[in-house]
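In: The following block contains a protein sequence and its predicted model.
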Amino acid sequence: WHLIPTNAPLPMTFALRTDSGRLGILQILTFTDDPGGVKLRYKIQNSARPDQNVSRERVKFGSVIERILPDPDNGSGKGNLETLHLRTGEHSSVLDDAPKEQGGRLRALASSDGDLFAEYDDYVARSWALVTARMRFADFPARQWDSATAQDVVEALREPSVLQKIEQSGATLYLLPENFVPLTLAFQTRDGTRGLLQITKFEDNPRSLKIRYKLAQYVVAAAKELTPIPPRAAKLLAEKMALYKVHNADISGNPNADKEFIAKLRTITHEMNFTLKGTIAEPLLKEQEEETLNFQKAQQAKDAAKIKESKARLESLGKQIVELIDPN
């Protein structure tokens, strides 16, 4: 499930993918009080499931991303950046204020943007578990890590993993055998992101898992002509700039104002990315997404030179996208 900010501008428009793989658009029109509810409209693409008709040439893997998943109980139990969002590669401390008992951590993960974290000795004595936000895993041969195609991932996901699975409090837990590394799994997140994940090492001091993964990426077919940018994009850009201006002028330090800003910014950004899909700006958006991952990786490594280089590249890409949307 996803939290909906009731104070965000309406209508809110989202791209969607169902559990069965169908694609569509959903738009929230208004919130009602009596009775309480949400008025929405949606349309579903009338076609076969993507995993039945996507050719190998239209899907590829992105670069390999390496991450460390620390046990959330390490140190003081706070600020461990234990939760990973696979699509962005970003870590966050989702569990800092979540109670360990009665499924508090599981509910905190399920209500966040994160995909998974790793825990030791909590659900089975002296054993590791991957705690996920309703992710699906399938077993995959480790020897095929380098040669695998994205279509192989689609085919593997037709069968569930043999890993012991527990579903509780909106989360799905997978118990991990420590004597079998590298443990390689095909995966699909709750937002439809697919890829390969490999657990390469179990660490004791401090307790953590070393992983690497790569995401399946849909690419624009060479024969498809990119379209001009629609006027809606310029309007969204203006809304985004106005939102930044108001936020930067706010010196109250109110944490609720920061949360409201982030919620509105996320809504506008999602709609803008959807609006620009298939347009002449799409290649720059993909470069921007890849460079964001590089920037986050440099931050993890505390590499000042790469951080500076990546930041400059992101600023340049941002300016190019803005110029495409609004040449004036």
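Out: Noted; the coordinates are in hand.
In: Could you measure from the nearest residue to residue 281 once chain neighbours are set aside over to residue 276?
Out: Closest residue to residue 281 apart from its sequence neighbours, by C-beta to C-beta, 6 or more residues apart in numbering: residue 324 at 4.9 Å. (Glycine included, C-beta is placed from N, CA and C.) Applying C-beta to C-beta, to the nearest Å, the value for residue 324 to residue 276 is 9 Å.
In: So for those two, which residue has more residues nearby?
Out: Taking other C-beta atoms under 10 Å, residue 324 and residue 276 do not tie; residue 276 has more neighbours (22 against 16).
In: What's the per-residue pLDDT of residue 267 here?
Out: The score at residue 267 is 85. That number is its pLDDT.
In: before we move on, the earlier item: tell me the contacts of the residue nearest to residue 281?
Out: If you count contacts by C-beta atoms under 8 Å, 6 or more residues apart in numbering, residue 324 has them with 229, 280-281, 284.
In: which residues do residue 324 and residue 276 both contact?
Out: By C-beta under 8 Å, 6+ apart, residue 324 and residue 276 have these common neighbours: residue 229.
In: Around residue 241, how many other residues sit close by?
Out: 12.
In: lowest average confidence, helix or strand, in this structure?
Out: For the chain, the helix or strand with the lowest mean confidence is helix 50-53, at a mean of 40 (criterion: mean pLDDT, DSSP states H and E).
In: Regarding the spatially most central residue of the chain, what is its secondary structure?
Out: By C-alpha atoms, centre = their mean, the chain has its centre lying nearest to residue 87, at 3.7 Å. State at residue 87, reduced to three classes by DSSP: H, G, I helix; E, B strand; the rest coil: coil.
In: Repeat that for residue 73.
Out: Taking three-state DSSP, the label given to residue 73 is coil.
In: Return the residues in contact with it.
Out: 119-120, 122, 207.
In: which stretches of the stretch 101-250 of the chain have low pLDDT?
Out: Scanning the stretch 101-250 of the chain for pLDDT under 70 picks out 218-225.
In: what about the strands in it?
Out: Secondary structure of the stretch 101-250 of the chain (DSSP state E, counting those that start in this stretch): strands at 116-120, 128-132, 136-139, 165-168, 171-176, 183-188, 194-204, 207-218.
In: Sheet-wise, list the partners of the last one with their directions.
Out: Translated: strand 207-218. Its sheet considered, strand 207-218 pairs with strand 59-61 (antiparallel), strand 65-70 (antiparallel), strand 194-204 (antiparallel) by DSSP bridges.
In: Mind putting these into a markdown table with mean neighbour count?
Out: As requested, the strands paired with strand 207-218 are exported to a markdown table (neighbours: other C-beta atoms under 10 Å):
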| stretch | mean neighbour count |
| --- | --- |
| strand 59-61 | 16 |
| strand 65-70 | 19 |
| strand 194-204 | 18 |
